[in-house]
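**Q** generate a structure from the sequence data that follows.
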Amino acid sequence: MADLYNDGRLAVVVNERHEKPSLLAPDRPAPNNWVGIQLIGTKSNRDGIGARVEIEPGGLRQMDEVHSGGSYLSQSGLRLHVGLGAARRATV
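**A** Numbering: from 1, shown residues only. Predicted coordinates:
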């Protein structure tokens with residue numbers, strides 16, 4: 001799962017055995033505001049795996065972490081995707 005087109009809409013790519021991959025993506029624009037956060041480390045952990053980010057849009061505190069892998073033979077995008085609702089700014 002990832003924001004493949006950098007437009008705020010999360011998409012899923014599914015690859016079943018002996019089948020062509022399927023792309024499951026919404027066909028409408030994202031209805032609210034969002035922010036994508038990609039962490040970049042300086043030495044050994046270049047992808048920021050395990051890092052925790054707290055963000056506060058409109059007085060509501062949210063937390064997310066960068067995870068590697070998602071399940072057996074799968075991987076989601078490493079960029080964090082945070083919905084802001086109607087808020088236009090957030091504190092990190």
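**Q** give me the element the residue of the chain positioned farthest from its centre is part of.
**A** Relative to the centre of the chain, the most outlying C-alpha is that of residue 18, 28.2 Å out, by CA atoms, centre = their mean. In this assignment (DSSP states H and E), residue 18 forms part of neither any helix nor any strand.
**Q** could you report the pLDDT at it?
**A** Note on residue 18: pLDDT of 92.
**Q** with the one 5 residues further on instead?
**A** Looking at residue 23, its pLDDT stands at 94.
**Q** so what sits opposite it in the bridge?
**A** residue 13 (DSSP bridges).
**Q** can you check residue 82 too?
**A** residue 35.
**Q** run a quick neighbour tally on it.
**A** When neighbours are defined as other CB atoms under 10 Å, residue 82 has 17 of them. C-beta coordinates here come from the backbone N, C-alpha and C atoms, glycine included.
**Q** same thing with residue 36?
**A** 14.
**Q** how about residue 50?
**A** Residue 50 has 11 nearby residues by other CB under 10 Å.
**Q** for it, phi and psi?
**A** Residue 50 adopts backbone torsions of phi 90, psi -10, taken as degrees, to the nearest 10.
**Q** list the contacts of the closest residue to residue 24 other than its chain neighbours.
**A** Leaving out its chain neighbours, the residue that sits closest to residue 24 by CB to CB, 6 or more residues apart in numbering is residue 12, at 4.4 Å. Each residue near residue 12 by CB atoms under 8 Å, 6 or more residues apart in numbering is listed here: 1, 23, 24, 25.
**Q** the second one reaches residue 10, doesn't it?
**A** No: Residue 23 lies out of contact with residue 10 (CB atoms under 8 Å); the separation is 11.9 Å.
**Q** neighbour-wise, which of the two wins?
**A** residue 10 (18 against 9).
**Q** closest one of the contacts of residue 12 to residue 73?
**A** residue 1 (14.4 Å; CB to CB).
**Q** can I assume that closest one is in contact with residue 74?
**A** No: using CB under 8 Å, residue 1 is not in contact with residue 74, being 9.1 Å away.
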